[in-house]
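Engineer: Got a predicted structure here, sequence first:
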Amino acid sequence: MRFRLPLVPAFAAAFVVLAFAPPALADPTSVAIFPPQGARFLPGQRFDIRVEGKGTAPYSASLSINGRPLHFTSGTADPVATDGISPAGWGGFNRRGYWLGKPGLYRLSASFKDGSGKAVTAETTITVESLGNDDGWGDDDDHDDGRRGREQGRDRGIKNVIIFLGDGMGAAHRTAARIVSKGVTAGVPNGTLAMDTMPAVGLVHTHSLNSIVTDSAPGMGCYTTGNHSRNNQEGVWPATVTNPFYAPRVEYLGHYLHRTRGTSLGIVTTADIEDATPAANAVFTQARGNGTGICDQYLDESDPTDSRAYGTGLRVLMGGGRRWFTPSDKDTGNGVYSSRAAGNDYDKLPADLVDRWGLPPEAAGKIDPTRNLAADFQAAGFVYADSKTKLNQALYSQPDRLLGLFAWGNMNVAVDKLAERRYRMGIPGYTDRVVRDHQAPDQPLLEEMTAAALSVLKKNHKGFVLMVEGAHIDKQSHQMDAERAIGETIEFDKAIGVGLDFARKDGRTLVLVTADHECSGFSLIGALSGGIAGLKALPPDTDVLDPTKAPNRQSVVGVYDAAAFPSYPILSDGYPASFDVDGKLLVGFGANGDRYENWLTPSKPSRESLTPTKLASELAGLSYASNIPVTRDEKKNGYFIRGQAVGQEQAVHTASDIPLSAYAKDPDAWLPFAGTYQNIDVFFKIAQVLSR
Ligand SMILES: [Zn+2]
């Protein structure tokens with residue numbers, strides 16, 4: 001028996017394993033490292049590194065750069081909840097606020113292990129671009145003081161950057177604005193747009209990190225970070241974290257220049273200020289719709305004391321979106337609307353993020369739907385205007401900081417703002433109803449906001465970054481409301497004129513005009529054959545579905561010779577008296593949703609998606625159409641056009657390249673923008689021009 005004794009425990013042990021151990025663990029899955037492969041940075045530009053994976057706790061990870069170990073700033077090996085921001089079943093490890101000084105290629109290698117004991121590796125290669133000078137950021141070690149460098153005390157060269165971002169603006173939008181506002185005679189335009197006068201034109205690819213077709217979040221963010229993001233995300237990478245604001249960041253142009261040069265940031269838009277394009281200049285989030293957190297972060301990371309240790313140096317914030325600046329408990333639905341909510345805010349940013357991005361503790365964020373954000377902006381030195389009249393008053397005091405919130409959600413479009421102005425001037429045929437119905441009867445035009453922004457920003461002699469967005473070029477193209485989209489493009493061009501005037505006098509300002517993507521496949525197919533009166537008298541086309549029978553309104557589309565030269569009477573404000581003129585320009589939508597087409601301007605805009613809920617229902621009560629164009633009764637005497645993509649109720653963005661125009665007094669500053677290049681290249685071209 002004795003000889004068997006050793007075998008018994010061995011057999012028993014094996015039995016125990018079979019009976020009580022969990023089944024053999026699989027390798028960890030979804031192991032990833034951020035930044036993604038191919039990411040590019042400026043010397044000294046901050047970014048977060050994250051290693052994450054799915055598996056069974058406990059998790060551990062290691063990280064190296066070009067073979068040299070790099071320590072994490074959060075994520076510990078033993079606990080189940082590694083870094084505290086990874087969801088159940090995930091482990092996460094972060095290195096926050098990293099930067100590299102020396103241009104070149106860097107290989108980041110990570111090893112991720114879970115409770116199975118098995119390690120999975122992940123690698124990414126990133127590039128630090130040369131600025132074509134000595135860069136001056138020291139070696140490639142970890143530094144906490146990113147402010148070192150050669151960027152101090154410049155007295156020549158480009159110091160200001162103005163980016164005019166025509167959201168959704170393709171080449172056809174520009175052409176339409178010129179034809180309508182200037183006219184054409186015998187093949188020669190009767191005038192030029194402001195943007196036509198800019199010397200360099202480039203063609204920009206608009207893809208995002210995960211699609212050929214981008215939305216505005218990565219569409220804008222690629223210009224301001226030099227990096228692609230996933231759709232709907234801005235200033236961050238698509239890591240798996242418990243709050244969209246905790247995702248790994250990449251530093252914006254505004255932050256980088258504020259920190260290294262002491263510049264200020266201005267953001268001006270005709271959209272709700274929470275919208276993707278404005279936010280992709282200053283806010284780090286995976287959720288472009290989380291307005292409470294987004295608007296809080298504008299202020300919390302604005303560095304109002306100009307410490308230059310962190311933040312954007314935000315001095316101008318103008319647009320719509322008062323609903324996010326009004327406490328939730330003040331939402332009366334009686335002309336006072338709030339959309340602030342705990343569900344789209346964020347609580348305390350991770351401690352290592354706060355530490356490594358140099359944020360003061362009070363900037364870490366909290367869940368505060370009852371915050372009076374407008375009051376907090378004022379306490380931080382911003383003069384606040386909620387109407388055009390108040391804006392004019394505010395400018396008399398020559399403020400250092402300016403907050404303008406001119407509507408509760410999106411601002412109204414030029415066509416409707418102008419109708420109100422013409423009505424007040426006593427011109428017959430116009431009404432102030434639309435702006436009044438939106439509880440925003442006194443809104444500035446984009447060129448007025450641009451002039452106001454420049455008057456504030458120019459006070460900082462160290463320079464500024466200003467982004468001016470013509471937001472409704474996109475929004476009205478989604479709606480397939482051609483006339484309002486063209487009106488917006490004209491308004492946008494007038495703002496560009498203000499920027500160019502400033503730049504020509506100043507001499508040290510780079511002006512870029514571009515889009516984030518094209519919207520709707522906007523195309524100029526011809527002009528109306530015959531008059532408006534005849535068009536209005538036609539019987540309905542609704543039932544004409546037989547392809548051998550042309551609907552009446554299809555047969556009035558004049559193409560080639562019949563299109564000739566549309567001509568619009570222009571009022572002294574620079575806009576057509578009406579878009580519905582005989583021989584009017586006709587627009588098709590190649591990326592359309594289902595719609596009815598009758599070629600006439602809808603009398604009212606549709607309800608915008610960025611509108612406080614109560615205001616939206618009030619507008620519905622006033623018979624404003626929903627933002628699903630096919631439901632618009634006013635168009636239903638037109639013929640039905642089936643859109644291509646199921647479930648797309650509006651026209652969609654397209655993957656087309658978009659034009660970019662550049663101006664600076666010094667030709668060496670605009671020349672780099674000629675040619676064809678990626679959207680992310682624009683960021684590095686700006687940086688190179690600034691460092692010359
Ligand atoms: Zn859009």
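Structural biologist: Yep, it's here. Numbers count the residues shown, from 1 in each chain.
Engineer: In the stretch 51-200 of the chain, what residue spans correspond to strands?
Structural biologist: Secondary structure of the stretch 51-200 of the chain, counting by DSSP state E, counting those that start in this stretch: strands at 60-65, 68-69, 90-98, 104-113, 119-128, 160-166, 184-185, 188-189, 200-205.
Engineer: Go ahead and measure how far the first one is from the middle of the chain.
Structural biologist: Which is strand 60-65. When C-alpha coordinates are averaged (CA atoms, centre = their mean, to the nearest Å), strand 60-65 and its chain have centres 33 Å apart.
Engineer: which residues sit against that strand?
Structural biologist: With CB atoms under 8 Å, 6 or more residues apart in numbering as the contact definition, strand 60-65 has outside contacts at 49, 51, 53, 69-72, 75, 77, 91, 93, 95, 106-113, 140. For the C-beta atoms, the positions are set from N, CA and C on the backbone; glycine is no exception.
Engineer: Derive a ChimeraX selection command for the buried subset of these.
Structural biologist: Only the buried entries of the contacts of strand 60-65 go into this ChimeraX selection, using 16 or more other CB atoms under 10 Å:
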select :49,51,53,70,72,75,91,93,95,106,108,109,110,112,113,140
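Engineer: quick one: low-confidence parts of the stretch 301-450 of the chain?
Structural biologist: By pLDDT under 70, the stretch 301-450 of the chain has no low-scoring segment.
Engineer: can you give me the helices for the stretch 501-650 of the chain?
Structural biologist: 532-537, 613-621 (DSSP state H, counting those that start in this stretch).
Engineer: Specify the stretch among those that is closest to P87.
Structural biologist: The minimum distance between P87 and the helices of the stretch 501-650 of the chain falls on helix 613-621, with 29.3 Å, by CB to CB.
Engineer: for the closest one, which positions count as buried?
Structural biologist: Buried-residue list, helix 613-621, by 16+ other CB under 10 Å: 614-616, 618-619.
Engineer: residues near Q37, how many?
Structural biologist: 12 (other CB atoms under 10 Å).
Engineer: Please name the residues that touch the closest residue to it other than its chain neighbours.
Structural biologist: With sequence-adjacent residues excluded and distances taken as CB to CB, 6 or more residues apart in numbering, Q37 is closest to T124, at 4.9 Å. Counting by CB under 8 Å, 6+ apart, T124 touches 33-37, 39, 107-108.
Engineer: Export the strands of the stretch 51-200 of the chain to TSV and append columns for distance to T631 and mean pLDDT.
Structural biologist: Formatted as TSV, those follow (distance: least, CB to CB, whole Å; pLDDT from 0 to 100):
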stretch	distance to T631	mean pLDDT
strand 60-65	51	97
strand 68-69	60	98
strand 90-98	42	97
strand 104-113	50	97
strand 119-128	46	97
strand 160-166	28	98
strand 184-185	36	98
strand 188-189	37	98
strand 200-205	35	98
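Engineer: what's the most buried one of these?
Structural biologist: strand 160-166 (a mean of 27; mean count of other CB atoms under 10 Å).
Engineer: Show me the contact partners of that strand.
Structural biologist: 173, 195, 220, 223, 253, 277, 457-458, 463-470, 473, 489, 492, 495-496, 499, 502-503, 506, 508-516, 686, 690.
Engineer: Any of the residues you listed buried? List them.
Structural biologist: By 16+ other CB under 10 Å, the contacts of strand 160-166 give 173, 195, 220, 223, 253, 277, 457-458, 463-470, 473, 489, 492, 495-496, 499, 502-503, 508-516, 686, 690 as buried.
Engineer: Fine, thanks again, bye for now.
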